[in-house]
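> Below are the sequence and a predicted model for it; my questions follow.
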Amino acid sequence: MSATVLSIDAAKQANLNLVEGHKGKQALHETVVAYRANRRQGNAHTKNRSEVAGSGKKLWNQKGTGNARMGSKRSPIWSGGGVVFGPRNTTVWAKKTTKATRKLAFRTALTARIADGAVATISGLSVADGKTKSFVGAVKELSTAEKLLVIGSFDETTFRAARNVQSVQLISAEEVNAEQLLNYPQVLVTNEALSTLARRTA
């Protein structure tokens, strides 16, 4: 099995609707930023006095003990109490992009990778025994670089063989997006997946 570099002319013959010039740069930027923002979790989060564990019982009498008055062990001035003005995970980082913007971004990313010579086509790839070793051996024949493997459809055994290989991401042509096309030094596309990409870029 060998890979053939996909040229601009070959891509047009495969009915891929590529972007001319610098038309989609802004759309690509907005889409990638949105993808990354939508994955952002904002893990810094502190608990206030209403959220920390602890009884609400008054610790001692209001008067007569000689101590300062104290109503709850969850007070911020106590060790283990709530945090005042700490970071709260309440910010919504998500960004929205239109369907047309995402489509233009996808076409732009695909055009750029093809122009760079980073996209190659293969006849197909299937691992019948579902073993990672078999999958690694198959993709190593194609190249040793980290790669995005775009397949029209794949069975459960092939997915199981590929899911633990960090240098290769296996994804269907229906699901691949603009950011994924840009993330890998090499993109391998099966002949079956070309027709799906042509429909997505139409």
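Here it is on my side, so go on.
> drop to CA atoms for contacts and neighbour counts, all remaining ones
Fine.
> Now do the strands in the protein.
Counting by DSSP state E, the chain has these strands, from start to end: 4-5, 119-122, 147-151, 168-172, 186-190.
> Let me know which of those is the nearest to Val19.
Within these, the stretch nearest Val19 is strand 119-122; the backing value is 15.6 Å (CA to CA).
> between the strands of the chain, which one is nearest to Lys58?
Using CA to CA, the nearest of those to Lys58 is strand 168-172, at 57.6 Å.
> and that closest one, what does it pack onto?
Here strand 168-172 touches strand 147-151, helix 156-162, going by 3 or more CA pairs under 8 Å, 6 or more residues apart in numbering; DSSP states H and E.
> go again using 10 Å as the cut-off
Contact here means 3 or more CA pairs under 10 Å, 6 or more residues apart in numbering; DSSP states H and E; on that basis strand 168-172 packs against helix 132-140, strand 147-151, helix 156-162, strand 186-190.
> What angle do strand 186-190 and the second one make with each other?
With axes from the mean of the first three to the mean of the last three CA atoms, to 10 degrees defining the directions, strand 147-151 sits at 20 degrees from strand 186-190.
> Buried residues in strand 147-151, which are they?
147-151 (16 or more other CA atoms under 10 Å).
> Format these as JSON lines; extra columns: distance to Lys103.
Below are the buried residues of strand 147-151 laid out as JSON lines (distance: CA to CA, whole Å):
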{"residue": "Lys147", "distance to Lys103": "22"}
{"residue": "Leu148", "distance to Lys103": "19"}
{"residue": "Leu149", "distance to Lys103": "20"}
{"residue": "Val150", "distance to Lys103": "17"}
{"residue": "Ile151", "distance to Lys103": "19"}
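> and which of those is nearest to Phe85?
Using CA to CA, Leu148 is the member of the buried residues of strand 147-151 that sits closest to Phe85, with 44.1 Å.
> got a list of what that closest one touches?
119, 167-171, 176, 180-189 (CA atoms under 10 Å, 6 or more residues apart in numbering).
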